[in-house]
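1. Need the 3D shape of this:
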Amino acid sequence: MIEFTYTIKSVNAETNQMEIEYNSPGRDTIIVGTPLPLSNLTIDEFAHRFAPFGYWTEKEYGYQVPEVGTTGSYTPPVLPVV
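-> Residues are numbered from 1 along each chain as shown. So this is what the prediction gives:
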């Protein structure tokens, strides 16, 4: 799990939009444009939903380039019954 902090940088109530700046140690600072959160969410929950995890993960791990014609299959693991 990636830990982060956030700061709301701007809010436009007329257009229901805002900007959130995300910071995580050792990673790029990212500003994300979002809608305003609905009243049923905390600001922390909302910020988590829009956090740039995908961007940070891409920067950390990079991409694989598969060969054209590669095939395969996937069988999901059987989860234990709780």
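
2. in the protein, which helix or strand is least confident?
-> Lowest on mean pLDDT, DSSP states H and E among the helices and strands of the chain sits helix 53-61, with a mean of 90.

3. how far out from the middle of the chain is it?
-> Taking C-alpha atoms, centre = their mean, to the nearest Å, one finds the center of helix 53-61 at 9 Å from the center of the full chain.

4. Check stretch 12-29 too.
-> With C-alpha atoms, centre = their mean as the basis, stretch 12-29 stands 12 Å off its chain's centre.

5. swap in stretch 49-62?
-> Centroid separation for stretch 49-62 versus its chain: 6 Å, with C-alpha atoms, centre = their mean.

6. Relative to Ile43, how far out is the residue lying closest to Trp56 once chain neighbours are set aside?
-> Once flanking residues are discounted, Trp56 sits nearest to Arg27: 4.9 Å by C-beta to C-beta, 6 or more residues apart in numbering. C-betas here are computed from N, CA, C, even on glycine. Relative to Ile43, Arg27 is positioned 21 Å away (C-beta to C-beta, to the nearest Å).
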